[in-house]
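*Asks:* any chance you can model this:
(one chain, ligands or ions: 1)
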Amino acid sequence: MSLGNKASSLILPGATLGVLGSGQLGRMFAIAARRMGYRVHTYSPDTDSPTGQVADHEVAASYDDLDAVAEFAKQVSVVTFEFENVPSATAESAARFAPVRPAGQVLHISQHRLREKTYLREHGFPTTPFRAVRSLTELESALQELGTPAVLKTAGWGYDGKGQKKIGSLNEAASAWESLGTSEAVLEGFVNFRLEVSVIAARGLDGSFASFGLLENAHSNHILDVTVAPARVSPKVAAEAEQIARGVLETLDVVGVLCVEMFLTPDDKLLINELAPRPHNSGHLTFDANVTSQFEQQVRSICGLPLGSTELLKPAAMINLLGDAWANGEPCWAAALALPEVKLHLYGKASARPGRKMGHLTAMADSADEAERIVREARRRLNP
Ligand code: AMP
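*Replies:* As a prediction, the model looks like this:
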C-alpha cells in the first residue's frame, strides 16, 4: 500500500497499528487497541517486552536499523510511539511507508530540552527561565544571570530526573558541568513550585481537541510517585492549564496524545516544565477512572476516529510501583487488593530493579483526598 493511500484513509478496526517502543505505555496502548479489534505490532531492541507480551507481533531490532524500521512501517497502517527518544532518522524512515502520528517534527522538538524550551518561548508559552549552556564559561554566565539555586539538565536524552544536577551556588559550576558529561545543556532557574501538574490532551486528524483536565503530581527522587485527579486547584488555574495545553497541541499541529507538565508557582502562575508527545504516567488513572482512557484516545486520534469523552467518572489517585517494592520478595498483592476500590496494573517486566517502573495502583473514591488516602494505604500494604 502506498503512503498516499494510508495517509488519507480512516483506519478502522481490523487494521494493524505500529508502535515504536515496547514499554508499559505501549502495553496499555496495545490493550486499548486490541480491545477495539485492531492488531498491534511493536518495535524496539527488546524481546518479551511489556508491549510485545500483548501485541500481535514484536519486532526486535535497533532504532538505527532503518531497513528494519521501513519493513516494520510497510506492515502497518499507522505508526505511533510510546518512547520519544527514537532518532529522527527512524521516524523519517517509517514516514516513507506509513503516517507517523504525532509527526516526526513533534518528536524532534520534544526529545531535546533546548529545542523544546526555545520553541515554547518563541511561540509565547510560559516556560521556566532558562539559558542554553555549551561550556563551563557559558554555565557560569548563565548562573550569574538566572541566580541560584538552578538546575542543569542535559539537552537530550533525559527523563525521570536523569541527566540533571541542582546547583546551589556559583562555585559548584565546574563540578556540575563535569558530572553531566555533555556538550549541550540547559540551565533552568529553580522553581519553588506549590504543585506539579499536568494536562494530557488529544488532537484528532480533523483538529478536534479533548483534554483530561488538570492532574496533580507528586514526585519522589525526580520520579512520578502519585497522581490525583482532579487536581486540587481553583477552576481558574485548571482552565488556564487546559488553555495552555490546547495552544501547545494546536501550535505543534499534533495528531495524537501529548502531555504538558507544568509547575504551579505560589502565586498561581503556570510554567511549562516539559512536553511528552505520547500518553504519560500521570494519565494512567484514566484507564480506570475516565470514560475514555488516554490509550484509547491515542488509538482514536491516530486512526482518524472521533475522540471519546474524557469525563472523569470518579475522583481517582494513581501510585507507581517501583522495583524497590520487590526488595523483600514478592509484594503482598492480596493485602492491597483487599481494598475493593483498588485496581492493580503490572507491566510484565521480568526483573525488579530499584527505580524501575513495574506497575501502578489506581483507587477511585468520592473525593480526591479519599482516593489518595486509599491508594497510599494500598501501597503500604504491599510491604507490611
Ligand atoms: P524533569 O526530568 O525535567 O521532568 O524533572 C524531574 C523533576 O525534577 C520535576 O518533576 C521536578 O520535580 C524537578 N525539577 C525539574 N526542573 C526543576 C526546576 N527548574 N525547578 C524545580 N524543580 C525542578
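
*Asks:* now the strands: where do they sit in the stretch 101-250 of the chain?
*Replies:* For the stretch 101-250 of the chain, applying DSSP state E, counting those that start in this stretch gives strands covering 130-133, 150-154, 164-167, 185-189, 195-203, 209-220, 223-229.

*Asks:* so what are the sheet partners of the helix or strand containing residue 261 and their directions?
*Replies:* Per DSSP states H and E, residue 261 falls inside strand 256-264. In the sheet containing strand 256-264, its partner strands are strand 195-203 (antiparallel), strand 270-276 (antiparallel), by DSSP bridges.

*Asks:* need the mean per-residue confidence for that strand.
*Replies:* Regarding strand 256-264, the rounded mean pLDDT is 98.

*Asks:* same check on stretch 358-365?
*Replies:* pLDDT averaged over stretch 358-365 gives 98.

*Asks:* dump the C-alpha coordinates for it into CSV.
*Replies:* The C-alpha trace of stretch 358-365 is given here as CSV (Å, rounded to 0.1, in the frame of the first residue of the first chain):
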residue,chain,number,x,y,z
MET,A,358,7.0,-2.2,37.4
GLY,A,359,3.3,-1.3,37.7
HIS,A,360,0.8,1.0,39.4
LEU,A,361,-2.3,1.0,41.6
THR,A,362,-5.3,3.2,41.0
ALA,A,363,-8.1,3.9,43.5
MET,A,364,-11.4,5.7,42.9
ALA,A,365,-13.4,7.3,45.7
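
*Asks:* residue 71 belongs to a helix?
*Replies:* Yes: according to DSSP: H, G, I helix; E, B strand; the rest coil, residue 71 belongs to a helix.

*Asks:* give me the pLDDT for the spatially most central residue of the chain.
*Replies:* In the chain, the residue lying closest to the centroid (C-alpha atoms, centre = their mean) is residue 280, at 3.0 Å. pLDDT for residue 280: 98.

*Asks:* now swap in residue 150 and tell me
*Replies:* 98.

*Asks:* follow-up on the earlier one: could you identify which of the strands of the stretch 101-250 of the chain is most buried?
*Replies:* strand 195-203 (a mean of 25; mean count of other C-beta atoms under 10 Å). (Each C-beta comes from the backbone N, C-alpha and C, glycine too.)

*Asks:* run the chain-centre distance for that strand.
*Replies:* Centroid separation for strand 195-203 versus its chain: 10 Å, with C-alpha atoms, centre = their mean, to the nearest Å.

*Asks:* gap between the residue located most distally from the centre of the chain and residue 287?
*Replies:* For the chain, the largest distance from the centre (C-alpha atoms, centre = their mean) belongs to residue 171, which lies 34.5 Å off. Residue 171 sits 47 Å away from residue 287, going by C-beta to C-beta, to the nearest Å.

*Asks:* buried residues, the top helix by length along the chain. List them.
*Replies:* Counting by DSSP state H, the longest helix found in the chain is helix 235-251. For helix 235-251, a neighbour-count test (16 or more other C-beta atoms under 10 Å) marks 237-238, 240-242, 244-246, 248-249 as buried.

*Asks:* residues contacting that helix, please?
*Replies:* The contact list for helix 235-251 (C-beta atoms under 8 Å, 6 or more residues apart in numbering) reads 120, 123, 125-126, 197, 199-203, 207, 209, 211, 213-214, 230-231, 254, 258, 260, 262, 264, 268, 270, 272, 275.

*Asks:* chain neighbours aside, what residue packs nearest to the residue nearest to the centre of the chain?
*Replies:* residue 259 (3.5 Å; C-beta to C-beta, 6 or more residues apart in numbering).

*Asks:* the one you found is in contact with residue 197, isn't it?
*Replies:* No: when contacts are counted by C-beta atoms under 8 Å, residue 259 is not listed as touching residue 197 (10.9 Å).

*Asks:* show me the shaky parts of the stretch 51-200 of the chain.
*Replies:* 158-161 (pLDDT under 70).

*Asks:* list the residues that contact residue 116.
*Replies:* Residue 116 neighbours (C-beta under 8 Å, 6+ apart): 109-110, 274-275.

*Asks:* same list, those residues, but as CSV with distance to residue 296 and neighbour count please.
*Replies:* Formatted as CSV, these follow (distance: C-beta to C-beta, whole Å; neighbours: other C-beta atoms under 10 Å):
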residue, distance to residue 296, neighbour count
109, 26, 18
110, 22, 25
274, 24, 19
275, 21, 27
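
*Asks:* could these go into CSV alongside distance to the ligand?
*Replies:* Shown next, in CSV, are these (distance: C-beta to the nearest ligand atom, whole Å):
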residue, distance to the ligand
109, 15
110, 12
274, 5
275, 10
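
*Asks:* which of these sit farthest apart?
*Replies:* Greatest spatial distance in the contacts of residue 116: 109 and 274, 11.1 Å, computed using C-beta to C-beta.

*Asks:* so residue 294 sits right up against residue 200, yeah?
*Replies:* Yes: taking contacts as C-beta under 8 Å, residue 294 lies within contact range of residue 200: 5.3 Å.

*Asks:* what do the two both touch?
*Replies:* Joint contacts of residue 294 and residue 200 (C-beta under 8 Å, 6+ apart) are 212, 257, 279-280, 283, 286.

*Asks:* for those residues, which one is nearest residue 146?
*Replies:* Nearest member of those to residue 146, counting by C-beta to C-beta, is residue 280, at 27.3 Å.

*Asks:* hmm, that closest one is touching residue 298, no?
*Replies:* No: counting by C-beta under 8 Å, residue 280 stays clear of residue 298, with 10.8 Å between them.

*Asks:* part of a helix, is residue 17?
*Replies:* No: secondary structure assignment places residue 17 outside any helix; it is strand (three-state DSSP).

*Asks:* give me phi/psi at the nearest residue to residue 315 once chain neighbours are set aside?
*Replies:* Leaving aside its chain neighbours, residue 315 sits nearest to residue 368 (4.4 Å; criterion: C-beta to C-beta, 6+ apart). In terms of degrees, to the nearest 10, the main-chain angles of residue 368 are phi -60, psi -40.

*Asks:* right, I'll call it a day here.
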